[in-house]
Each structure stands twice: as C-alpha cells, then as structure tokens.
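> What shape does this take:
(2 chains)
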Amino acid sequence: MNEQRQITVLQASAITISTIVGVGVLALPLSAVKAADAGAPFVTFLGMLLAFVGLFFMTRLGMRFPNDSYVEYTEVIIGKWFGRIASLVSIGFFAVLTSLVAREFGEVVVTAVLKNTPLEVTVLVMLLLAAFSSRRNIMTFAYIHLFYSPFILIPALLIVALSLKNADLVNVLPLWGNEPGGIPAGIITLSTVFQGYFIMMMVIPAMCKPERAMRSSLWAMVVTGALYILIVAATVGVFGAEETKKLLWPTLELAKATSLPANVLERLDAVFLAVWVTAVFTSLFSCYYFTLYSISKLFRLADHGMLSFFILPFLFVLAMLPQSLIQLNEVNGMISKYGLLITIAYPGILLIIAILRKKRGAAK
Amino acid sequence: MSKRVNAGFNLKFMILLLLCSLLTGCWDRMEIEERAVVLGISIDSAGKDAEIREDEISHLRGKYPAPKQEMIQLSVQIALPGRIPLGPGEGGASGEGAQETVWVLDVVGHTVDDAMMNLQQQISGKLFFGHLRVIVVSEEFARKGMENLNDYLHRNAEVRRMAWLMVSKGKARELMEAAPKLERVPALYLSSTLDDAVKHGKFPSDYIGTFWNNSSKKGQEGFLPYIQIMKGDNVEISGMAFFKGATLVGVTKPFEIAGYLVIKGISPAGYRGIIHVGDDSQVVTIHATNRESEIKVDIKNGLPHFTITAVTEVNVEEKNTETLPLNNSHILEEIARENERSVKELMLGLIQKTQKKESDIFGFGELVRARKPSYWNSHVKTADRWSEIYKHTTFDFRVTSKVRRVGMKAE
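Next up, the predicted model:
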C-alpha cells in the first residue's frame, strides 16, 4: 500500500460535510413537513440522530481496520464470497445514488433556471466534471472538499439568517407537530438526507491518525445537522407548514423570498443556486469517487483512474431512466430508504460480527 | 530535459483550455428585445361576448375541448425596451407621456394559462414574468375564487414571491391603463404605493407570498389590499379584502386596517384618529406612532378565548377649538382613555366582521394550533372546522394608550 496517509481530522470533517450537503437540501423541508408539519425541525433532529448511529458504526469499523478499505475488511469479517456479494450490492447502490444526484440536479436546473437547456446536457456536464476530478488521488479529493466547504456553509448560513427576519415562531410550534403519528416514519425518511456520511468509509484508511476518526465524524454530523435543522426551521418559520407542503423545492423558494438588507439584491435565489451547484458538485464528486474506489478495491486494481470514464456512460444512462420528476422522486425515496440497510444496518451487523469473531485489522 | 518539454506542453495545454472558456455561451441566452417583460397583470371576469372574441388557440372545438370555466379577461402591462428610464437624467425629453413606457394589451381566456397562450399568440417576444410586480384582480373575479390564478403563479418559476397581489373595486383593467404622474412606469407606481403604505404603517406587509402562506395555514385566512381608482389616475388603499380559502368574502373600511395593525402590534403606526373630549364640539386629532400587542389563548367552556393586550403610543396633532386646553397631564390622560375606548370598539368591530364571514385573517387559529395542540388535535384539526369555531370564539381586550407628545405648541 503505497497510498498517502495524510488526511487530517479537519479534512475528514470537511469531506463528510460537503458530501452530505447536496441536492437534498432543496427538498429537505418538504419531506420534513410531510412527516411532522410544524414539528419539522424536531424530526430533522431525530433523523440526524439515526444517521449518526450509522456513521458511528462505520467509523468504529473503520477504526478497527485502519489500513483496509471496507471491501477488504468485509471479506475478512463475513468471508470472501459473502463479502464480495455484499460489496457488489453496495457498489450498485452508490452508482445508482450518483446517477440520481446528477439527475435531480438536472431537473432543478431545467425547471427553475435554464429552461431551454436540454436535461441531458446539464446532467452530462456535471457527470463529466465529476469524472475528470475523480482521476486524481485521495489527497486531491480532500483538498477539493476542504476548499469548497466554506463556500457552501457560509452563504447557506447567511441566507438562513437573513430569511429569519420574516419568520414567525408560531409556525414551528408545537415542537413535535400536530400529528406526531408521522414522526417514526419521518425519522427514517429524514435520516436518508444524511446518507452522504458513507464517505467516511473511504476516508478513514487514508487518515494520518485513524484513531481520531470518531472526532471528525462527530463534528461533521454536528455541523450538517445544525445547518439542516436551521434550514428547515427557517423555511417552516417563514412559510408555515401547510404552504411548505405545496412547494416542490421549499429551500429555493425561501431564497427567492429573501432579500439582502437595503435591497442590494431583491432575491437571493441566484446566490443560493450558485452555492447549491457547488454543494451538488462536491456530493456528486464524492459519490462518483466512492463508486470508482469501491470497484477498484473489489477487483484489486492498482489505480482507479482508468475506470473513471468507463463508468460514465452507465451512470448517464441510469440517470436518464426516470421519465418525470415525480417518478424520479419516487425512485429516489425508495432507493434512499433501502439504502439505509446499506448505510446503517449493514455496517451495524458487520461491526457486531467483527466484535463477536474478534476480527481486527493490523494497527497502522 | 524531458521535464522541460513536459512543462512546455502543460503550459500550451493550459492556454488551450483557457481559450476554450472564451468559446462558451449560454443555451438559454435571450436578448432583452426578444423578451416581453410583463410588469403587471390584471384579471377581470369577462362579459358574455367573450366566447365569440376568443380564437381557437389553445383548444379546438370537438378535439381539445375548451374548459367549462367562466371566462376571464386578462390584461398585461408590458415594458417597452428602451423607454424605461434607467436613471434620473435619462429620457427627460418632454412630450413623452408616462403612457409610453408600457404597452397595455388584453385578451380573454378560460383559464389564466389559456389567456396567456392567447396573448403569446399575438406577441412576438416571449412573455417573461421575472419582473412582474403587481397582479390586480377585480372584486367580481375574486369573489368567484382565485384557485386557478394562485395555482398558475405558484407553478411559474419566474414569478417572485415579493410581488403585490391586490383586489380592485370595479374593473381591474383600468388600473393597468391608469398612468399616475409620479412614476414613469404605472406598475411600479402601484407597487410602490403599497410598499410605502407598509413603510408608513398604513398597511401590513402582505406580498403575494405572505398571502399564500396565510391562506394555506389551517388556522388562518389570507387578506389582500383593496384598492380603488381615484381622480387623476391615482389609487387609494380603501381597505382589506379578506378571504376564506381562495374566495373573497368581505372588505373592510380603510380605517379598520388600523384595527388589524393594532391587534397584530405592527409598528410603525400610521393612522390618525379623531378623539372627542368633553362635550361633542371639541375634538383633537391624534397620530399613532407605535404599537405593541400580545395575544394569549385559553380554553374556556370548550372554546378558545383570546386576550389581546395592546399598547399604542400617540401624539396629538391638532385641535378644532381654542377653548380646549392641552396644558396638563389630566387632559392627556382623558384623551388616552377616550382613545382606548375607541380602539377597543374598532378591534371588536373588525373581529366581528371577520367572524361573521368565518375568515380568521389574524391567525388566531394558528395560536391555538401552536399553543394548545391537545385542544387543536382533538377538536379542530382542519381549516374548515376552525372557521366554524372561529365564529364562536370570545375576546378580551386590554388596551393601553399613552399620549406622548403634543407637537411644538405650548398650551
């Protein structure tokens, strides 16, 4: 293993944060109010807790096997063939996730901004961008994420803060919403928006101090959780739960309804979309990189660079399969929910088996 | 040696890449001349002859049958490129009336989109709604329900949530054609009339987005400014048009807007009121400057009961007779007390008016939902049920008024 092990705790957090914050931000308040109307911020918080359980399992596993990729230690834990099948399933999931991210990005752009640009072009451009960037090694990957994360976090927080002046506290009361029956199912739906944390599985073997991985996981979850809860609270605070249910992309609508003080900019949706494109790029980049990385580990390839363009057409075709936005959302919801088996249940089971069988990787 | 060759190649490659960026364009590029920038829209109910006037543009008899909805007449104000002054010094040539900055067109149609299609068939440029500032609907149209209009505007990604939607007394189309003298662009004058009213405490901030938010809430209904065309193409805010769902159910008097603002505690305050002191011949005019309020909700006898505590600060502006002395604090207290009584009456009157029409424009229901969730969940739950309960809710008013200043005149 001749790879660099230089990723710091800060870089690992930045990677996880900018991977999690992505396309999902736009529709996030919608799924939150569907689950718990006025209790949307609360259900987001609970979703974050559930997601953190998954991240905890993953980080623990990674720390047990600080030198190996997840493909390798799966084979150690549950045997060669089971491990390979499980890895293949996860690779399939991450590939589908990548294409769905690209497609959702395309849909937003075509609906709200560039109405005449063909969907295929926006999706392809985004995928190409990810493909080009993915040819580099993991340090470049870390630097790109570290560089972009402030450009995502700061403007997003600024928009939320500015929109709060139109918000009304009554809209987010009572805390648990008026129909708490939807909360349990809502927690599961909401935890899917944090699914990007799986990137930690790839980051840990490249960290210079893998024993401190838990710290960066915790930080990443706290920051994204806070950002998401703030976005949901601001959106529901401004529009009210019932109006939020009517909006396809409430967060975009929030940016549209927010103006800079003194009318410097009457609507912030342009600013927001610029931030959002960056956020989508970083998540797409992570998903793409992760898919490549997993494939190259599974087939024991020395380098993943050559695969980068090989999988592009497959992802592109996958992205183009849904017929409409509604269908895309249905598929997306289903895939993300079953994905929880891969991102929460699966690492949990692996961890338990690893503990029971006393399997442990060599120390660094 | 080979390293240097490599570096040279990289440099050339970089330059080539950078040059490529000069060749990029925008797929959605559209010149301003190709756009028909819509600044204002008005919607009226169309007369009986509308069906005859309409061409078969978005439907074809027998094949794509037209919807059975009652027809509407839609007018738009389109900005004329090059005529809109961009700065104070520009376009000052005399003789050019304000009328010439925009072009007013009207069409009929079955639905809003249908009418837009009919309009687009006549106009070369593509209709663009990114700068849409005002939408005026006539009272007649609003009383029939505006679901269709709300849906159209909601779906359109170009429409901003900070446009003004208003209801006009009489024909809405007249407001599109009116050319007030203060502003070169009529639609901008309309929207700044409302913006200034908000700034001066004469109307609550109520953009189209706010209206939608309020209408969709289960414990609240929406309201809109009710305007009327006056002498000299001017407009007057003559009340609040309040809704039940998407249907207009009533209109308040202009002064009742002040009642709404007091209940909601919106500052700055801008209304002036007349207070009778002593016998009826003596009056002073007061000017409210500041308002604050707090609304509490309790459940009494199975029905919500609201306690509204409101504080207003007022200044005395004029008096009608010299005999009335304003030289001690007792008289000011008397004025304050008299004002408290009037404000109470005003608030009660306004609330009763909306109760009668089951239109809770204040969001009392939202307070119940937020503060008394167990009551809401077991007794209310839906918007329909709330509007029924709203009719029977009771109120307590605790109004305090304080006279702060009397202007520059002693005595």
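
> check contacts around the residue of the stretch 201-350 of chain B found nearest chain A.
When distances are taken as Cβ to the nearest Cβ, the stretch 201-350 of chain B reaches nearest to chain A at residue B:216, 4.1 Å away. Placement of C-beta: from N, CA and C, glycine included. Residues near residue B:216 by Cβ atoms under 8 Å, 6 or more residues apart in numbering or on different chains: A:240, A:242-243, A:245-246.

> Just the buried ones from the residues you listed?
With neighbours counted by 16 or more other Cβ atoms under 10 Å in any protein chain shown, these contain buried members at A:240, A:242-243, A:246.

> so who does the closest residue to chain B within the stretch 51-200 of chain A touch?
The stretch 51-200 of chain A approaches chain B most closely through residue A:173 (3.5 Å), counting by Cβ to the nearest Cβ. Contact partners of residue A:173, counting by Cβ under 8 Å, 6+ apart, are A:38, B:369-371.

> Sort out which of the contacts of residue B:216 are in helices and list them.
Applying DSSP state H to those, the entries found in helices are A:242-243, A:245.

> where does the chain have low pLDDT?
I went with chain A, as the question did not name one. Residues of chain A meeting the criterion pLDDT under 70: A:1-4, A:262-263, A:363-364.

> wait, I meant chain B there
Short version for chain B, where the test is pLDDT under 70: B:1-5, B:62-63, B:84-99.

> Could you pick out the residues of it near chain A for me?
Within chain B, the positions near chain A by Cβ under 8 Å from any Cβ of the partner chain are B:26-28, B:154, B:157, B:160-162, B:209, B:212-214, B:216-218, B:363, B:366-367, B:369-371, B:373, B:376-377, B:381.

> are any of the residues you listed buried, and which?
Buried, going by 16+ other Cβ under 10 Å: B:154, B:157, B:160-162, B:209, B:212-214, B:216-218, B:363, B:366-367, B:369-371, B:373, B:376, out of the residues of chain B next to chain A.

> Flag every residue of chain A that's near chain B.
By the rule Cβ under 8 Å from any Cβ, the part of chain A lying against chain B is A:38, A:111-118, A:121, A:170-171, A:173-174, A:178-179, A:238-240, A:242-243, A:245-246, A:253, A:256-257, A:259, A:266-267.

> My read is that residue A:48 contacts residue A:192, right?
No - the pair residue A:48 / residue A:192 is not scored as a contact, 11.4 Å apart, by Cβ atoms under 8 Å.

> Helices of the stretch 201-350 of chain B, residue ranges please.
Per DSSP state H, counting those that start in this stretch, the stretch 201-350 of chain B carries helices over the ranges B:208-216, B:256-264, B:329-356.

> from the middle of its chain, how far away would the last one be?
Spelled out, it's helix B:329-356. On the basis of Cα atoms, centre = their mean, to the nearest Å, helix B:329-356 sits 26 Å off its chain's mean C-alpha point.

> Got the phi and psi for residue B:29?
Main-chain torsions, residue B:29, degrees, to the nearest 10: phi -60, psi 130.

> Buried among the residues of chain A next to chain B? Make that a PyMOL selection.
Buried subset of the residues of chain A next to chain B, written as a PyMOL selection, criterion 16+ other Cβ under 10 Å:
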select buried, chain A and resi 38+111+112+113+114+117+170+171+173+174+178+238+239+240+242+243+246+253+256+257+259+267
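
> quick one: which of the residues of chain A next to chain B sit in strands?
When the residues of chain A next to chain B are checked against strands (DSSP state E), there are no matches.

> Go ahead and report the secondary structure state at residue A:67.
Of the three states, residue A:67 takes coil under DSSP: H, G, I helix; E, B strand; the rest coil.

> what about it, how many neighbours?
Other residues lying near residue A:67 total 15 when counted by other Cβ atoms under 10 Å in any protein chain shown.

> Just to check, it is in contact with residue A:361?
Yes - counting by Cβ under 8 Å, residue A:361 is a contact partner of residue A:67 at 5.6 Å.

> what two of the contacts of residue B:216 are the furthest from one another?
Using Cβ to Cβ, the two most remote members of those are A:240 and A:246, lying 10.2 Å apart.

> Quick one: end-to-end distance for stretch B:11-30.
End-to-end distance for stretch B:11-30: 36 Å, by Cα to Cα, to the nearest Å.

> coming back round to it: what's the closest of the contacts of residue A:173 to residue B:270?
The closest of these, once distances to residue B:270 are taken by Cβ to Cβ, is residue B:370, at 28.8 Å.

> where does that closest one land in three-state SS?
helix.

> what's the answer for residue B:398, then?
Following three-state DSSP, residue B:398 is assigned to strand.

> Also residue A:5?
Applying three-state DSSP: residue A:5 is coil.

> all strands for the stretch 101-250 of chain B, in order.
Counting by DSSP state E, counting those that start in this stretch, the stretch 101-250 of chain B has these strands, from start to end: B:102-109, B:126-128, B:134-138, B:164-168, B:223-229, B:235-244, B:247-251.

> For residue B:259, find the nearest of those strands.
Nearest of the strands of the stretch 101-250 of chain B to residue B:259, taken as Cβ to Cβ: strand B:235-244 at 9.7 Å.

> can you tell me which residues contact whichever residue of chain B sits closest to chain A?
Distances between chain B and chain A by Cβ to the nearest Cβ are smallest at residue B:370, namely 3.5 Å. With contact taken as Cβ under 8 Å, 6+ apart, residue B:370 is in contact with A:38, A:170-171, A:173-174.

> out of those, what pair is the most spread apart?
Farthest-apart pair in these is A:171 and A:174; separation 11.0 Å (Cβ to Cβ).

> any shared contact partners between the two?
Contact criterion Cβ under 8 Å, 6+ apart; residues shared by residue A:171 and residue A:174: A:38, B:370.
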